[in-house]
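Peer 1: Below is the sequence, then the predicted model.
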Amino acid sequence: MSTRPTTKLQDNPFTKRREPIGFMLWLGIIGSSLLFTTIFLVYLIRMHNADSHFVALPDMFWLSTLVILFSSITFHEANLAFVQERFLHYRIFLGATLTLGITFILLQVSGWLEMIESGAFMGNSNSVGLVYILTGLHLLHIVAGVVYLSLLFKKSLENRTYVDSFVYSVNPPNRLRLKLMTRYWHFVDALWLIVFIFLVLLY
């Protein structure tokens, strides 16, 4: 009878103990979402200014969208392989996700260079500034994700044997790292999709 109040207290979503790193990640996600939402709203308020004309998005941005969406699929497959102890497939799909992340960065930079060469960078348009601000901020999120993906991939290569991979996979901190990285990567993928749709609709 004495344990019932304690159980109810633990089940309460407002009082139960949370994993601190995961909680910090959620705070970061919420903060980033608010930042991008603020940029959207500020631009929408100012979009009727006389110098607000829209610019065509580089083709590289369209291609990078396909790349980042495909990276979510490969990361999902990497998680399934990790849980099902298919460690070779885990390394393959994790490496594929890392490669796609790097490819996304290169395509975004190529898109910027295309805009600069077309003279859009020298324009005095709010829409041009919006493209650089949104894509630049998002690219910082991707770079951070790629760095951490590189560390996970390096660790997976260090545990090539089944025994080493199994010991690594059952370690709670390692499971937590992959879980949080998965949450972050899917967030930045969804964030880019929102940014891209916003820019396309404006154009």
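Peer 2: Good, I have the coordinates.

Peer 1: contacts and neighbour counts: CA atoms only from here.
Peer 2: OK.

Peer 1: top helix in this protein by residue count?
Peer 2: In the chain, assigned by DSSP state H, the helix with the most residues is helix 126-158.

Peer 1: Any chance you could list what contacts the helix or strand just after it?
Peer 2: Using DSSP states H and E, the helix or strand that follows helix 126-158 in sequence is helix 162-170. For helix 162-170, contacts defined as Cα atoms under 8 Å, 6 or more residues apart in numbering pick out 82-83, 85, 87, 156, 159, 174-175.

Peer 1: try it again with 7 Å
Peer 2: With Cα atoms under 7 Å, 6 or more residues apart in numbering as the test, helix 162-170 has contacts from 87, 159, 174-175.

Peer 1: from those residues, which is closest to residue 144?
Peer 2: Residue 144 lies nearest to residue 174 out of the contacts of helix 162-170, by Cα to Cα, at 18.5 Å.

Peer 1: burial count for that closest one?
Peer 2: When neighbours are defined as other Cα atoms under 10 Å, residue 174 has 13 of them.

Peer 1: for it, helix, strand, or coil?
Peer 2: With DSSP: H, G, I helix; E, B strand; the rest coil as the basis, residue 174 sits in helix.

Peer 1: Tell me how far the longest helix of the chain lies from the chain's centre.
Peer 2: On the basis of Cα atoms, centre = their mean, to the nearest Å, helix 126-158 sits 7 Å off its chain's mean C-alpha point.

Peer 1: Check which helices and strands that helix is in contact with.
Peer 2: If contacts are counted by 3 or more Cα pairs under 7 Å, 6 or more residues apart in numbering; DSSP states H and E, helix 126-158 sits against helix 87-117, helix 172-202.

Peer 1: Can you turn the buried part of the contacts of helix 162-170 into a PyMOL selection?
Peer 2: To isolate the buried members of the contacts of helix 162-170 in PyMOL, using 16 or more other Cα atoms under 10 Å:
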select buried, resi 87+159+175
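
Peer 1: Relative to residue 151, which of the contacts of helix 162-170 is nearest.
Peer 2: Using Cα to Cα, residue 174 is the member of the contacts of helix 162-170 that sits closest to residue 151, with 11.8 Å.

Peer 1: ok now do the closest one, which residues does it touch?
Peer 2: Applying Cα under 7 Å, 6+ apart, we find residue 174 in contact with residue 168.

Peer 1: quick one: pLDDT of it?
Peer 2: Looking at residue 174, its pLDDT reads 85.

Peer 1: next one: the one 10 residues further on
Peer 2: Residue 184 carries a pLDDT score of 94 in this model.

Peer 1: Neighbours of it, how many?
Peer 2: When counting by other Cα under 10 Å, one arrives at 20 neighbours for residue 184.

Peer 1: circling back: check the helices and strands packed on helix 126-158 for me and report the most buried one.
Peer 2: Most buried of those by mean neighbour count (mean count of other Cα atoms under 10 Å) is helix 87-117; its value is a mean of 20.

Peer 1: residues in contact with residue 91?
Peer 2: Here residue 91 is in contact with 153, 156 (criterion: Cα under 7 Å, 6+ apart).

Peer 1: If anything else comes up later, I'll come back, but that's it for now.
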